[in-house]
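Engineer: fold the following.
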Amino acid sequence: MNQPELHRKLIAAARSIPVDDRVPLAFEKRIMAQLAGRKPVDILGLWGSALSRAAICCVVFVLVLSAGAYLLPSGNPDSAPQDLEQTIFAAVDTSGDSAGDL
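Structural biologist: Residues are numbered from 1 along each chain as shown. The predicted structure is shown next:
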């Protein structure tokens with residue numbers, strides 16, 4: 001049998017069934033029992049668990065960075081304060097600038 005003919009017969013059979021407006025026996029009780037069995041969503045519990053997971057991840061991240069900073073060799077430790085000082089005062093030093101002549 002071809003597809004359109006089968007489709008037409010199924011639709012005709014479905015339309016021939018009379019509509020029943022009655023509600024099944026104890027329908028309301030079944031629905032109310034299902035609703036009563038559900039627990040409300042605990043929003044604070046969800047937030048608490050998410051934040052505790054995030055805090056654990058942050059602590060692990062800080063520990064890894066601290067271990068990396070401690071264990072990895074740095075450059076010359078004596079030149080670090082001098083480099084920092086030169087970087088900070090580079091914007092203030094106008095001895096070689098022609099912008100100070102304005």
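Engineer: what about the protein, any weak spots by pLDDT?
Structural biologist: Counting by pLDDT under 70, the chain has low-confidence residues at 1, 74-81, 93-102.
Engineer: ok, longest helix in it?
Structural biologist: When the chain is parsed with DSSP state H, its longest helix is helix 43-71.
Engineer: quick check: next helix or strand after it?
Structural biologist: Downstream of helix 43-71, the first helix or strand assigned by DSSP states H and E is helix 79-89.
Engineer: if we can go back for a sec, any idea how far the longest helix of the chain is from the chain center?
Structural biologist: 15 Å (C-alpha atoms, centre = their mean, to the nearest Å).
Engineer: list the buried residues in the helix or strand that contains Ala12.
Structural biologist: Per DSSP H and E: Ala12 is located in helix 3-16. Residues of helix 3-16 classed as buried: none (neighbour count, 16 or more other C-beta atoms under 10 Å). C-beta coordinates here come from the backbone N, C-alpha and C atoms, glycine included.
Engineer: ok, then the element right after it?
Structural biologist: Proceeding N to C from helix 3-16, the next assigned helix or strand is helix 27-37, under DSSP H and E.
Engineer: output that following helix as CSV - backbone C-alpha positions only.
Structural biologist: C-alpha atoms of helix 27-37 as CSV (Å, rounded to 0.1, in the frame of the first residue of the first chain):
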residue,chain,number,x,y,z
PHE,A,27,-7.1,11.9,37.6
GLU,A,28,-7.0,14.8,40.0
LYS,A,29,-5.7,12.6,42.8
ARG,A,30,-2.9,11.2,40.7
ILE,A,31,-1.8,14.6,39.6
MET,A,32,-1.9,16.0,43.1
ALA,A,33,0.0,12.9,44.4
GLN,A,34,2.8,13.5,41.9
LEU,A,35,3.0,17.2,42.8
ALA,A,36,3.1,16.4,46.5
GLY,A,37,5.9,14.0,46.0
